[in-house]
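Asker: Give the three-dimensional model of this entry:
(chains A and B)
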Amino acid sequence: MIRHITHLGRRGCELLEALGRAGIFLFLSAVGVPSREGWYLWLRQMHFVGVLSLAIVLVSGLFIGMVLALQGYTILVDFGAEQALGQMVALSLLRELAPVVAALLFAGRAGSALTAEIGLMKATEQLTSMEMIGVDPLRRVVAPRLWAGVVALPLLTIGFSVVGVYGGYLVGVEWLGVFEGSYWGNMQASVEFIADIGNGMVKSLVFALVVTWIAVFQGYDLVPTAEGISRATTRTVVYSSLAVLGLDFVLTAVMFGGLS
Amino acid sequence: MFDNFLEGHEPMSDTPFVVVEGLHFSRGEKEIFRGVDLQIHRGKITAIMGPSGTGKTTLLKLIGGQLYPDAGRVCIDGEDVHRQSRKALFAMRRRMGMLFQSGALFSDLSVYENVAFPLRVHTDLPESMVRDLVLMKLEAVGLRGARELMPSELSGGMARRVALARAIALDPELILYDEPFVGQDPISMGVLVQLTKRLNEALGLTSVMVSHDIKETLTIADYVYVIADGRVMAHGTPAGLDVDQDPRVSQFVHGEPDGPVPFHYPAVDFFTDILDAGGRR
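Answerer: Numbering: from 1, shown residues only, chains lettered A, B, ... in the order given. Next comes the predicted model:
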């Protein structure tokens, strides 16, 4: 019994210590003015984490929009309310599905790659040798990746929403025959810029920071062995997925649940 | 900080360049150093030797300020490495070069860009001068022709030579070698041994070399420290160590399999172990 309590205590301390390390890590890598070289490195990372994630995010967005329209139609048509399809598709995408699903896909596609890349750089002593050359790897390796993730995910989320709404249009209007004017008209009348698009973007920004932070920290903090890299990559996906879903509930409660 | 290296290296003097005093360091429960004292003189090649697992690489990381000791201090040119701010420590490291066991080249940059890296980040030299300097350093290690290759295309020995060129790119005063000869074929081993010696003489470097390749190290080292059990077990010139009567030193220097450092990992008596099987492992 005592052993279990000590074990629990030790795990608690370890968790707090890791959180502290992650906090200092975030501060040291995120704060500071980038040099000209820093902009170039950031741009390169935007390509890796942003542009290369575009295909998976857009294709998923299209399918999610199509499924939403299909499911929404079968329910709405029972009430004769299929004209509200555009509103339903747009609101579910902008408020929930686009930020959350894009973040989950981003964690799987870009987060795991970031962890593995930084982890392998650590395992092959590239980070140490950079330190010995007198270059801070937090500024040179971590910061561009962190900022690229923070900027790329909200942009990807916008793309996800746009393609999703179009997917809903394809199924709802082109295939199931919802009147085109009511699809777009109802959407336009009900979607508010600040309350819906703005809140969705805030969510996306929070998810972007959390997912990228977890990914780069897991890479930087891992045990530099083959097993360590594989564990850290798994942890990145698991932790960021859970963090995204948990935070989504909290943010939704604050934004739309009347808590504010 | 750069004054010395811009005006050429300081003349050799008797004050040691690196001083390690009463160094204690432990990793978890395991005590790695229990009071290590070393003095490394300017312009010399000082070898730190000892059996595997005695923390030789850890010692280099302590000197380079990557690890912090539990007690004791490391001074380079009179400045305590572990009492510097992060910025000052990085500035201090520009005066040091370190050669890693694996080479640790940046895998996304070509050989040329790897050697140019320290020059690009620490100086504002025009591209033509960077090119000249990079080619000079690559010429010194004999790999000028390999400048377009990527690190993945190099053999282990070549990677280490490129890493050496990168380590001397900024003309450091101190260079730390981590097992430079491990896993090399006889030819690249000979090349590396000669290169190390020649560079040290030509550039007036102070070298610290961690190694357990006795023969090669003793041929080029000016002074040797043997570390075991967390302490300096012996030190002296290579010739002095060769005739050292201490059985532990003698076992290590002459590479005898059994002696004060036992061949067997501690275990119960062999026969007791065999007879007492009982289905256990």
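
Asker: rest of the way, CA atoms for contacts and neighbours
Answerer: Fine.

Asker: roughly how far apart are the residue in the stretch 101-250 of chain B that chain A sits nearest to and A:Val223?
Answerer: Closest to chain A within the stretch 101-250 of chain B is B:Ala104: 4.9 Å, counting by C-alpha to the nearest C-alpha. Noted for B:Ala104: a distance of 17 Å to A:Val223, by C-alpha to C-alpha, to the nearest Å.

Asker: which residue sits closest to the residue of the stretch 51-200 of chain A at minimum distance from chain B in space, ignoring its chain neighbours?
Answerer: Residue of the stretch 51-200 of chain A nearest chain B, by C-alpha to the nearest C-alpha: A:Gly134 (4.4 Å). Closest residue to A:Gly134 apart from its sequence neighbours, by C-alpha to C-alpha, 6 or more residues apart in numbering or on different chains: B:Phe90 at 4.4 Å.

Asker: Now do the host helix or strand of that neighbour: which elements does it pack against?
Answerer: In this assignment (DSSP states H and E), B:Phe90 forms part of helix B:86-93. Under the contact criterion of 3 or more C-alpha pairs under 8 Å, 6 or more residues apart in numbering or on different chains; DSSP states H and E, helix B:86-93 touches helix A:126-133.

Asker: residues touching B:Ala228, list them.
Answerer: B:50-51, B:54 (C-alpha atoms under 8 Å, 6 or more residues apart in numbering or on different chains).

Asker: does it have beta-bridge partners, and which?
Answerer: Judged by DSSP bridges, the bridge partners of B:Ala228 are B:Arg231.

Asker: got the residues of chain B near chain A?
Answerer: Contact residues, chain B versus chain A (C-alpha under 8 Å from any C-alpha of the partner chain): B:64, B:89-94, B:96-98, B:100, B:102, B:104-106, B:118, B:121, B:167.

Asker: where does chain B dip in pLDDT?
Answerer: B:1-14, B:260-263, B:277-281 (pLDDT under 70).

Asker: switch to 50 and redo it
Answerer: B:1-12 (pLDDT under 50).

Asker: That one: helices as residue ranges?
Answerer: With helices called from DSSP state H, chain B shows them at B:3-6, B:56-63, B:86-93, B:111-122, B:127-140, B:156-167, B:186-203, B:214-220, B:238-242, B:247-253, B:270-275.

Asker: which ones are touching the closest residue to A:Thr128 other than its chain neighbours?
Answerer: Nearest residue to A:Thr128 in three dimensions, chain neighbours excluded: A:Lys122, at 7.2 Å (C-alpha to C-alpha, 6+ apart). By C-alpha under 8 Å, 6+ apart, the contact list for A:Lys122 reads A:128, A:220, A:224.

Asker: among those residues, who's most crowded?
Answerer: Neighbour tally across the contacts of A:Lys122 (other C-alpha atoms under 10 Å in any protein chain shown): the maximum, 28 neighbours, falls on A:Tyr220.

Asker: Quick one: residues contacting it.
Answerer: A:Tyr220 neighbours (C-alpha under 8 Å, 6+ apart): A:115, A:118-119, A:122.

Asker: ok, now which ones touch B:Glu201?
Answerer: Neighbours of B:Glu201 in contact, by C-alpha under 8 Å, 6+ apart: B:Gly43.

Asker: What parts of chain A come near chain B?
Answerer: So chain A meets chain B at A:124-126, A:129, A:131-136 (C-alpha under 8 Å from any C-alpha).

Asker: before we move on, back to that, among the helices of chain B, show me which one is buried the most.
Answerer: Mean neighbours per residue, mean count of other C-alpha atoms under 10 Å in any protein chain shown, is largest over the helices of chain B for helix B:156-167, with a mean of 25.
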